[in-house]
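[1] need coordinates for the below:
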Amino acid sequence: MLNFFRKRRKVIFTEDLLNQLFRYSLSLCHHESQAYDLVQSCCEKMLKSEDETMHNKAYMLRVIRNEFVDHCRRNQLELITSADLMDDEENDGLAFNELEQMTIDEQHVDILLASISAKERELLYLWAVEGFSIQEIATLTNIPRGTLLSRLSRMKARLVDDFGHMLKQVS
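    Modelled structure (predicted):
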């Protein structure tokens with residue numbers, strides 16, 4: 001009965017926080033509508049939560065990650081890159097060779113992101129976009145630091161091998 005009258009702390013969702021949560025969700029699932037669903041689910045859980053200590057960004061990122069993993073387990077989602085899409089992008093790249101300076105555009109980024117797994121996208125997002133240290137990511141995801149370092153190293157090497165020609169065009 002006392003809990004009913006207890007004043008709850010309001011969860012404040014700033015525009016900046018919601019944008020960060022959305023970018024993180026998008027880095028995991030790579031689908032805009034699913035990313036919105038993950039953020040909405042996280043916000044609902046925060047609003048229903050009784051524990052005020054859990055209303056922080058790190059906890060929200062963990063909720064989103066767990067929701068994504070649960071969704072993948074339920075649906076056994078796999079990201080498949082179409083060979084036709086890759087061929088079209090390579091042909092488009094030839095047309096840009098005549099330009100004096102080439103910049104990486106959204107399509108190239110999409111190809112790069114489609115070529116890595118959800119775990120690698122999460123690591124890349126947290127490390128490169130959010131600016132977390134490897135130790136912070138290890139704490140957030142409960143994955144050993146050494147595992148994250150080796151994943152990052154292997155991912156960098158694989159991306160350079162697969163898409164090194166794009167680097168030559170850009171530089």
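
[2] so which elements touch the longest helix along the chain?
    Using DSSP state H, we find that the single longest helix of the chain is helix 145-170. Applying 3 or more C-beta pairs under 8 Å, 6 or more residues apart in numbering; DSSP states H and E, we find helix 145-170 packed against helix 106-114, helix 118-124, helix 134-141. C-beta: built from backbone N, CA, C; applies to glycine.

[3] cutoff 10 Å now
    Where contact means 3 or more C-beta pairs under 10 Å, 6 or more residues apart in numbering; DSSP states H and E, helix 145-170 is packed against helix 83-95, helix 106-114, helix 118-124, helix 134-141.

[4] residues in contact with Ser25?
    Contacts for Ser25 were tallied using C-beta atoms under 10 Å, 6 or more residues apart in numbering; they are 31-32, 34-42, 61, 64-65, 67-68, 125.

[5] buried among those residues? Need that as a selection in PyMOL.
    Listed next is the PyMOL selection for buried residues among the contacts of Ser25, using 16 or more other C-beta atoms under 10 Å:
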select buried, resi 34+35+37+38+39+41+42+61+64+65+67+68+125
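
[6] so which of the contacts of Ser25 belong to helices?
    32, 34-42, 61, 64-65, 67-68.

[7] now, among those, which is nearest to Gly146?
    Of all the ones in helices among the contacts of Ser25, Gly146 sits closest to Arg65, with 20.1 Å by C-beta to C-beta.

[8] by mean pLDDT, which helix or strand of this structure comes out lowest?
    Within the chain, no helix or strand scores below helix 83-95, which has a mean of 48 by mean pLDDT, DSSP states H and E.

[9] can you list the domains in this protein?
    Domain segmentation of the chain under automatic domain parsing yields 2-75, 83-170.

[10] those domains: lowest mean pLDDT?
    Mean pLDDT is lowest for domain 83-170 among the domains of the chain, at a mean of 72.

[11] got the angle for the helix or strand where Asp70 lies vs helix 134-141?
    Following DSSP states H and E, the helix or strand that holds Asp70 is helix 57-75. With axes from the mean of the first three to the mean of the last three C-alpha atoms, to 10 degrees defining the directions, helix 57-75 sits at 60 degrees from helix 134-141.

[12] does anything pack onto helix 57-75? Which helices or strands?
    Applying 3+ C-beta pairs under 10 Å, 6+ apart, one finds that helix 57-75 contacts helix 15-29, helix 32-48, helix 118-124, helix 134-141.
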